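[1] Curious how this folds, go ahead:
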Amino acid sequence: MAQQIDDTGLASGGAQRRFLLAVGSIFAASGFALANWFPRIPETREALGLSYDALGIALFGLAAGAMMSMPVAGWLIGRLGSRGIAIVTGPAAMLSLILVPLAPNMLALAGALLLFGGFVGALDVAMNANASAGETRYGRPVLSRLHGMFSAGTLIGAISGGAAATAGIPLEVHLAGVGVALALLIVLTCPGLVRDQPDRTAAPSVFALPRGPLLALGVVAFAALLIEGAIGDWSAVYLRDRFLAGPEIAAAGYIMFAAAMTVSRFAGDWLIGRVGSISTVMRSAGLLMVVGMVLVLVGPTAPWTLPGFLLVGAGAAVVFPLTIRVASTVSSLAVGTGIAAVAMAGYTGLLVGPPIIGLVASWVGLRGALGLLLLLAIIVALLASRFGDD
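    Residues are numbered from 1 along each chain as shown. Okay, the predicted model is just below:
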């Protein structure tokens with residue numbers, strides 16, 4: 001019988017490998033599930049006859065579900081530990097994806113996304129908590145590579161989702177296969193998760209708000225993850241509607257974005273070590289996003305926009321981890337308080353960005369709504385000088 005990881009630590013090399021396989025699989029599965037859905041949003045919109053604002057309202061179900069479940073998951077983890085929560089919410093999140101393409105109208109789609117988002121949000125809290133506990137016992141940093149696994153999952157998921165759309169595989173068949181396969185993967189690997197001890201004295205900090213020295217960091221985190229969420233949900237719709245792009249080109253925008261995110265995230269720690277200045281790296285990332293969004297918005301044909309999506313992904317990937325790093329060094333606050341506040345601001349942007357874009361697009365068109373992302377990228381570049389050691 002395989003040795004289990006108990007509350008005394010990672011007792012052997014085999015246990016360490018099982019931990020990395022288990023939590024890495026969950027990170028990758030979460031990104032893979034979401035990214036398989038993104039390239040197929042345009043055909044869902046067309047099949048249900050949804051306007052931009054109606055689609056935005058439906059997409060808000062994903063955000064609302066996650067925002068409601070995150071504090072509950074934090075409370076449960078404090079009492080039960082993250083391992084059990086991840087074991088339950090992981091397969092549930094993957095299987096709930098099956099309901100999304102079965103929705104016959106906007107309200108049903110919003111409800112299905114509410115359920116999916118609820119499980120995904122709870123899983124996000126649990127997998128990060130378990131990863132943090134495992135990192136402490138593992139003895140060296142692993143969180144960066146685990147978030148890289150999430151990005152790798154989104155890249156592979158975007159490619160497979162685009163391929164499924166191009167091949168004409170029915171959406172319900174596609175997402176059912178994805179959901180069942182990922183649920184089985186998590187069930188098979190989850191025994192390797194860390195058995196962390198509950199902390200019943202810790203108050204949940206999911207609703208912490210960035211104040212004082214954290215305010216600018218919160219704004220940057222909000223902007224960066226709003227851009228990430230909006231590109232995920234709207235890039236394929238934008239390419240389909242503006243350029244009448246086929247499914248393979250419509251999916252290519254997010255594939256380029258996800259590919260750049262993956263490479264940039266894996267290289268982020270190395271880049272900081274080489275440059276030695278957080279503010280310089282953050283400013284450069286903001287400028288990459290600015291240039292990328294200009295290309296996306298002014299490109300005369302769909303292929304001209306693809307380098308823009310790549311540049312936006314390369315910049316967005318490093319901004320949020322940098323805000324977390326800076327938040328942990330604010331001397332006037334406890335480390336956990338600073339991180340929780342900035343993370344809350346970031347996840348709020350990630351979750352509410354897509355529905356906001358949909359609602360604004362109903363007034364000024366989708367191209368005009370995506371112009372908001374250019375404004376946010378400019379804000380990131382301007383605020384970068386306030387952080388780091390320049």
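
[2] Leu287: what's its closest spatial neighbour, skipping adjacent residues?
    Ala381 (5.2 Å; C-beta to C-beta, 6 or more residues apart in numbering). Bear in mind the C-beta positions are built from the backbone N, C-alpha and C, glycine included.

[3] Can you check what pLDDT the model gives the one you found?
    For Ala381, the model assigns a pLDDT of 95.

[4] Centre of the chain to the host helix or strand of it, how far?
    Element membership for Ala381 (DSSP states H and E) is helix 366-383. Its chain's average C-alpha position is 19 Å from that of helix 366-383, according to C-alpha atoms, centre = their mean, to the nearest Å.

[5] Poorly predicted segments of this structure, please.
    Along the chain, the parts satisfying pLDDT under 70 run over 1-13, 138-141, 143-144, 198-213, 269, 272-273, 276, 328-340, 388-390.

[6] what's the longest helix in it?
    helix 106-138 (DSSP state H).

[7] what about Tyr238, how many residues close to it?
    If you count neighbours by other C-beta atoms under 10 Å, Tyr238 ends up with 26.

[8] isn't it right next to Ala252, touching?
    No. The criterion here is C-beta atoms under 8 Å, and Tyr238 misses it with Ala252 at 11.9 Å.

[9] For the stretch 151-300 of the chain, just list every one of the helices.
    171-189, 215-243, 247-275, 278-298 (DSSP state H, counting those that start in this stretch).

[10] Of those, which stretch is the most buried?
    helix 215-243 (a mean of 25; mean count of other C-beta atoms under 10 Å).

[11] Measure how that one sits relative to helix 366-383, angle-wise.
    Here helix 215-243 points in a direction 150 degrees away from that of helix 366-383 (axes from the mean of the first three to the mean of the last three C-alpha atoms, to 10 degrees).

[12] What distance do you get for Arg283 to Ser277?
    9 Å (C-beta to C-beta, to the nearest Å).

[13] and if you look at Leu182?
    39 Å.

[14] For the spatially closest residue to Trp304 that is not a sequence neighbour, give me its contacts.
    Spatial nearest neighbour of Trp304, excluding adjacent residues (C-beta to C-beta, 6+ apart): Leu295 at 6.9 Å. Residues near Leu295 by C-beta atoms under 8 Å, 6 or more residues apart in numbering: Trp304, Thr305, Pro307, Gly308, Leu311.

[15] ok, now which ones touch Ala343?
    Ala221, Ile324.

[16] host element of it?
    Assigned by DSSP H and E, Ala343 falls in helix 335-364.

[17] What are the buried residues along that helix?
    Going by neighbour count (16 or more other C-beta atoms under 10 Å), the buried part of helix 335-364 is 338-362.

[18] before we move on, back to that, now the longest helix of the chain, how far from the centre of its chain.
    The answer for helix 106-138 is 10 Å, by C-alpha atoms, centre = their mean.

[19] cool, and stretch 80-89?
    20 Å.

[20] Same check on stretch 217-234?
    For stretch 217-234, the distance to the chain centre is 9 Å (C-alpha atoms, centre = their mean).

[21] What of stretch 34-45?
    15 Å.

[22] How much space separates Thr136 from Ala86?
    Relative to Ala86, and taking C-beta to C-beta, Thr136 is found at 17 Å.

[23] These two: which is more packed in?
    Ala86 (30 against 12).

[24] May I ask which helix or strand encompasses that one?
    Going by DSSP H and E, Ala86 is in helix 82-96.

[25] Let me know the angle separating that helix from helix 171-189.
    160 degrees.

[26] who touches helix 82-96?
    For helix 82-96, using C-beta under 8 Å, 6+ apart, the contacting residues are 26, 29-30, 33, 73, 76-77, 112, 115-116, 119-120, 122-123, 125-127, 129-130, 133, 178-180, 182-183, 186-187, 190, 193-196.

[27] Buried ones among the residues you listed?
    26, 29-30, 33, 73, 76-77, 112, 115-116, 119-120, 122-123, 125-127, 129-130, 133, 178-179, 182-183, 186, 190, 193-194, 196.

[28] residues in contact with the closest residue to Val352 other than its chain neighbours?
    Closest residue to Val352 apart from its sequence neighbours, by C-beta to C-beta, 6+ apart: Ala63 at 5.4 Å. Ala63 makes contact with Gly117, Leu351, Val352, Pro354, Pro355, according to C-beta under 8 Å, 6+ apart.

[29] Where does the nearest residue to the second one once chain neighbours are set aside fall, secondary structure wise?
    For Leu351, the nearest residue in space outside its immediate sequence neighbours is Ala63; the separation is 3.5 Å by C-beta to C-beta, 6+ apart. Assigned by DSSP H and E, Ala63 falls within helix 52-80.

[30] Just the buried residues of that helix, please?
    52, 54-67, 69-74, 76-78.

[31] Same check on stretch 142-162?
    Result for stretch 142-162 [16+ other C-beta under 10 Å]: buried residues 142-143, 145-162.

[32] In strands only, show me those.
    Among those, none falls in strands (DSSP state E).

[33] quick one, the longest helix of the chain and helix 82-96 angle?
    150 degrees.

[34] I'd say Gly134 and Leu21 touch.
    No. Between Gly134 and Leu21 there is no contact under C-beta under 8 Å: 11.3 Å.

[35] neighbour count winner among the two?
    In this view Gly134 and Leu21 are compared by other C-beta under 10 Å, and Gly134 has more residues nearby, 27 against 14.
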